[in-house]
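Asker: Model the structure of this input:
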Amino acid sequence: MEWIKDISDRLILWFLRTTSRFGKELTLEGKTEQAMWGDQRLRNLEGLAIRSRRRFGEKKKSA
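Answerer: Residues are numbered from 1 along each chain as shown. Coordinates of the predicted model:
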C-alpha cells in the first residue's frame with residue numbers, strides 16, 4: 001500500500017513541476033540566489049538528520 005502512495009506522490013509532484021511556471025521569470029542572478037538558498041536548506045536538513053541520529057543513538061545507549 002505504501003508504494004501506491006509513493007507513486008501517487010511522485011506523479012503529483014512531477015505534474016506540478018512540469019505545469020508550474022515558477023522560476024521561469026527569474027533573472028540569472030535570481031536563479032543563482034535560488035540555487036544558493038536551496039543548497040543552504042539541504043545542508044540544514046542534513047545537519048538536522050545528523051543531530052537526530054546522534055540523539056537517537058545516545059538515548060538508545062542509555063536505555
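
Asker: Nearest residue to the middle of the protein?
Answerer: Residue closest to the average C-alpha location in the chain (CA atoms, centre = their mean): residue 42, at 6.5 Å.

Asker: Please tell me how far that residue sits from residue 48.
Answerer: Counting by CB to CB, to the nearest Å, the gap from residue 42 to residue 48 is 11 Å. Any C-beta I mention is one placed from the backbone N, CA and C, and that applies to glycine too.

Asker: repeat for residue 28
Answerer: From residue 28 to residue 48 the distance is 31 Å (CB to CB).

Asker: immediately after the helix or strand where residue 17 lies, which helix or strand?
Answerer: Under the criterion of DSSP states H and E, residue 17 resides in helix 2-19. Moving toward the C-terminus from helix 2-19, the next helix or strand (DSSP H and E) is helix 28-62.

Asker: so where's the chain uncertain?
Answerer: Applying pLDDT under 70 to the chain flags the ranges 59-63.

Asker: The same query, at a cut-off of 90, please.
Answerer: 1-3, 17-26, 31, 56-63 (pLDDT under 90).

Asker: circling back to that earlier point, contacting residues for the residue nearest to the centre of the chain?
Answerer: By CB atoms under 8 Å, 6 or more residues apart in numbering, no residues touch residue 42.

Asker: ok so, going back, of residue 28 and residue 48, which one has the most company?
Answerer: Using other CB atoms under 10 Å, the more surrounded residue of residue 28 and residue 48 is residue 48, with 10 against 7.

Asker: Contact partners for the more buried one?
Answerer: Contacts of residue 48 by CB under 8 Å, 6+ apart: none found.

Asker: measure it to residue 54 for me?
Answerer: Distance from residue 48 to residue 54, by CB to CB: 11 Å.
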